[in-house]
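Student: Below are the sequence and a predicted model; questions follow.
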Amino acid sequence: MATRSPTRRRAPTRKAAAESRSSAPRRRSGRAERAVPLPLVAANDAGTAPAAPRKARKSTARRATGRTAAGKRVRYAVVGLGHIAQIAILPAFAQAEQNSTLAALVSDDPEKLRKLSRRYGVRRVCSYDDADELFESGDIDAVYITLPNAIHREYTERAARAGLHVLCEKPMAVTSEDCQRMIEVTRENGVRLMIAYRLHFERGNLEAAEMAHSGTLGVLRFFTSNFSMQVAPENFRSSRKLGGGPLYDIGIYCINAARAAFAAEPTEVFATAVTRRDQRFREIPETVAVVMKFPQERIASFTCSFGSADRSSYEIVGTKGSITLDPAFEYAQGVEYTLRLGRRQREKRYEKSDQFAPELLYFSDCILRNCEPEPSGEEGIADIRVIEALNRSIETGKWVSPELPQRRRRPTLRQEIRRPGIQPPPLVGGVHSATM
């Protein structure tokens, strides 16, 4: 967090909708090759916690790992009750009860706390100002942070220092400096950090990456993607201060998909932005177009926009064929792809699934087995470093190098976890659609 102002902020949003009438918390001072799903995770990780100072480990990691291992179910507090929390995260606990339980809710909206606690049978609720008391209470083991992007670091630090594991929505933070500090503070306190890349557990996206890596498409040449929507006025996504903008909110999906497809990091990036006269885009660009160079003469390009009709697709093209996902990034509907190899064409469709219960199942399994999760903080910071480079390119009109280390761990089909789709529950409080 760059600042710690006490001013009230609007609550977080995601792709399908947003909470633009409710308050966000006030700021306070204060070698595995791949990841695998439960119950295979232990076979692929070292099984030891990150090194932490002896003093910090005694006060935090003892509660974070010993307590949960005994209970076999990780107790979560969901911090922030905006659209994504209400429509997807809270209902997901019913399909993750094997090792996860919803134990607490944190919000400044009394109506949400009252009605949602009754709906889900949650006794422990509190405001953002009282979050530290909850974190230190011993009533929870982990937090799922669904707050505005600019506040992710603050609540990660507060939770980690209280000995709590952290599952944080993407983007991980607004700056790589904040991301790095999030990684450091969780390591210092001997707790786990995972970034909520839900598509790392979704079969359609994992199959596309598998075909790209297996040689099915031949030698990979290029990747293209489009992700767009009409963002509503006064939405959190339109606030630069809270980390809004199309690159952070939806462009990150295109970046992550390209990195997964090529199993590599971009060496140079270029971006340009355009904006119409519209009150929604006083602080952020409306549309951003991007080109990214990858090793072995491969190119990725994408366009993301907050002022266009809904689109969610990407295509990976090689010397022998291509695979197109359309829709690709949604959680409110199923994923579909078309594989083209010469004159042959095959289409496949996956029904809508719960993409949030798998995150809970996997992260809880990592906690209970004392294993490093993937997607980790290192995965989160990689995308933010690319976004920072793209923002510098927009400002300078030049190619910029993100200077990213090559990652060893990538999502694979072994990481797939599937749970049936759910019927979205009624929304509570000042939550309405993000789209116009």
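Tutor: Now that the structure is in, tell me what you want to look at.
Student: tell me the phi and psi of the closest residue to residue 168 other than its chain neighbours?
Tutor: Spatial nearest neighbour of residue 168, excluding adjacent residues (C-beta to C-beta, 6 or more residues apart in numbering): residue 145 at 4.6 Å. Glycine gets a C-beta too; all of them are placed from N, C-alpha and C. Here is the backbone geometry of residue 145 (degrees, to the nearest 10): phi -90, psi 120.
Student: Now do the contacts for residue 145.
Tutor: 79-80, 152, 155-156, 159, 166-169 (C-beta atoms under 8 Å, 6 or more residues apart in numbering).
Student: counting contacts, what elements does the helix ranked longest in the chain pack onto?
Tutor: When the chain is parsed with DSSP state H, its longest helix is helix 377-396. Helices and strands touching helix 377-396, by 3 or more C-beta pairs under 8 Å, 6 or more residues apart in numbering; DSSP states H and E, are helix 176-188, strand 193-195, helix 252-262, strand 268-274, strand 287-294.
Student: got the angle between that helix and strand 268-274?
Tutor: For helix 377-396 against strand 268-274, the angle by axes from the mean of the first three to the mean of the last three C-alpha atoms, to 10 degrees is 60 degrees.
Student: Distance across stretch 226-243, terminal residue to terminal residue?
Tutor: End-to-end distance of stretch 226-243 (C-alpha to C-alpha, to the nearest Å): 21 Å.
Student: Please verify my assumption that residue 131 contacts residue 107.
Tutor: No: shown here, residue 131 and residue 107 do not form a contact pair, counting by C-beta atoms under 8 Å, at 10.0 Å.
Student: Of these two, which one has the most company?
Tutor: Counted by other C-beta atoms under 10 Å, residue 131 and residue 107 do not tie: residue 107 has more neighbours, with 27 against 21.
Student: Tell me what the closest residue to residue 167 other than its chain neighbours is bridged to.
Tutor: Distances taken as C-beta to C-beta, 6+ apart put residue 144 closest to residue 167, at 4.7 Å, once the chain neighbours are dropped. For residue 144, the beta-bridge partners are residue 78, residue 167 (DSSP bridges).
Student: how about residue 144, what does it touch?
Tutor: 76-79, 85, 89, 167-169, 196, 360.
Student: what do you get if the cut-off is 6 Å, keeping everything else the same?
Tutor: Contacts for residue 144 (C-beta atoms under 6 Å, 6 or more residues apart in numbering) come out as 76, 78, 167.
Student: One more: residue 205?
Tutor: Counted by C-beta under 6 Å, 6+ apart, residue 205 has contacts residue 199.
Student: For the host helix or strand of it, give the mean pLDDT please.
Tutor: Using DSSP states H and E, residue 205 sits in helix 203-214. Per-region confidence: helix 203-214 scores 96 on mean pLDDT.
Student: can you give me the helices for this protein?
Tutor: For the chain, helices defined by DSSP H occupy the ranges 41-44, 54-56, 67-71, 83-84, 90-92, 110-120, 131-135, 152-161, 176-188, 203-214, 246, 252-262, 357-369, 377-396.
Student: Helix or strand with the lowest mean pLDDT in this structure?
Tutor: helix 41-44 (a mean of 32; mean pLDDT, DSSP states H and E).
Student: distance of residue 188 from residue 405?
Tutor: 21 Å (C-beta to C-beta, to the nearest Å).
Student: Which of these two has more residues huddled nearby?
Tutor: Counting neighbours by other C-beta under 10 Å for residue 188 and for residue 405 shows that residue 188 has the greater number, 20 against 9.
Student: where does that one land on pLDDT?
Tutor: pLDDT at residue 188 comes out at 98.
Student: Next, the contact list for the residue nearest the centre of the chain, please.
Tutor: When C-alpha atoms, centre = their mean is applied to the chain, the residue found nearest the centroid is residue 170 (2.9 Å). The contact partners of residue 170, taken as C-beta under 6 Å, 6+ apart, are 195-196.
Student: For it, give me the pLDDT.
Tutor: 96.
Student: Please apply the same query to residue 276.
Tutor: Value listed for residue 276 in the pLDDT field: 85.
Student: What of residue 408?
Tutor: 84.
Student: can you check residue 280 too?
Tutor: On the pLDDT scale, residue 280 gets 88.
Student: ok, now how distant is it from residue 244?
Tutor: 10 Å.
Student: between those two, who's got more neighbours?
Tutor: Each of residue 280 and residue 244 has its neighbours counted (other C-beta under 10 Å); residue 244 has more, 24 against 20.
Student: tell me the contacts of the more buried one?
Tutor: 236-238, 284.
Student: Please tell me how far it sits from residue 368.
Tutor: In terms of C-beta to C-beta, residue 244 sits 35 Å off from residue 368.
Student: And residue 421, by the same measure?
Tutor: From residue 421 to residue 368 the distance is 26 Å (C-beta to C-beta).
Student: same question, residue 144
Tutor: The value you get for residue 144 to residue 368, if C-beta to C-beta is used, is 16 Å.
Student: swap in residue 321?
Tutor: Here residue 321 is placed at a distance of 41 Å from residue 368 (C-beta to C-beta).
Student: The two: which has the busier surroundings?
Tutor: residue 368 (22 against 17).
Student: before we move on, the earlier item: out of the helices of the chain, flag the one nearest residue 348.
Tutor: helix 203-214 (7.6 Å; C-beta to C-beta).
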